[in-house]
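Participant: Coordinates for the following, if possible.
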Amino acid sequence: MIYPWLVGGDFNVILTPEEKIRGLAYPTEVEDFACCINSCELVNLRFNGSPFTWWNGRADEECIFKRLDRILVNNLSLGEMGNLKLDIIARSGSDHASMLLTCVGQAPPIYKPFRFLKFWT
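Facilitator: Predicted structure coming up:
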């Protein structure tokens, strides 16, 4: 049986060249990471905020930004968990940005059958 699930955190690798500004060439680990995501049938959760979650703390030409942190979900969790919202929060005291995941799910309806009890009469 397949269950809804998600996995998130610092994966320390980017998926596409657009997820990086400056630094060394496109890393080879990208293919392994993409293959793992596809074999687990996971998708990136859409997010609000900066597309870059890591900064090397340097300025000017030595400055590097990357998207290393993300939350991945399977398709079942998108339907079962309701509306998942991911916000990337500005960095504060760390080289990584914080992520806030909000689940605005819909509670399943509770059906209670009507029962007439004799003592009511």
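Participant: What does the residue lying closest to residue 67 once chain neighbours are set aside show for phi and psi?
Facilitator: Closest residue in space to residue 67, ignoring its immediate chain neighbours: residue 19 at 3.9 Å, by C-beta to C-beta, 6 or more residues apart in numbering. Just so you know, the C-beta spots here come from the backbone N, C-alpha and C atoms, and that holds for glycine as well. Backbone torsions for residue 19, taken as degrees, to the nearest 10, come to phi -90, psi 20.
Participant: Just confirm residue 19 contacts residue 54, I think it does.
Facilitator: No. Counting by C-beta atoms under 8 Å, residue 54 is not a contact partner of residue 19; they are 10.0 Å apart.
Participant: Show me whatever sits in contact with both of these two.
Facilitator: 66, 67 (C-beta atoms under 8 Å, 6 or more residues apart in numbering).
Participant: ok, these two, which is more surrounded?
Facilitator: For residue 19 versus residue 54, the count of surrounding residues by other C-beta atoms under 10 Å is larger for residue 54: 21 against 18.
Participant: Bridged to the residue most central in space within the chain, which residues?
Facilitator: In the chain, the residue lying closest to the centroid (C-alpha atoms, centre = their mean) is residue 71, at 2.0 Å. Here residue 71 sits in beta bridges with residue 8, going by DSSP bridges.
Participant: which stretches of this protein form helices?
Facilitator: All helices of the chain, identified by DSSP state H, fall at 29-39, 75-80.
Participant: what comes up buried for the last one?
Facilitator: Along helix 75-80, the positions that meet the burial threshold by neighbour count (16 or more other C-beta atoms under 10 Å) are residue 77.
Participant: let's number from 27 now, not from 1
Facilitator: Done: numbering now begins at 27, and the last item shifts to helix 101-106.
Participant: So what touches it?
Facilitator: In contact with helix 101-106 (C-beta under 8 Å, 6+ apart) are residues 28, 29, 30, 31, 32, 67, 69, 110.
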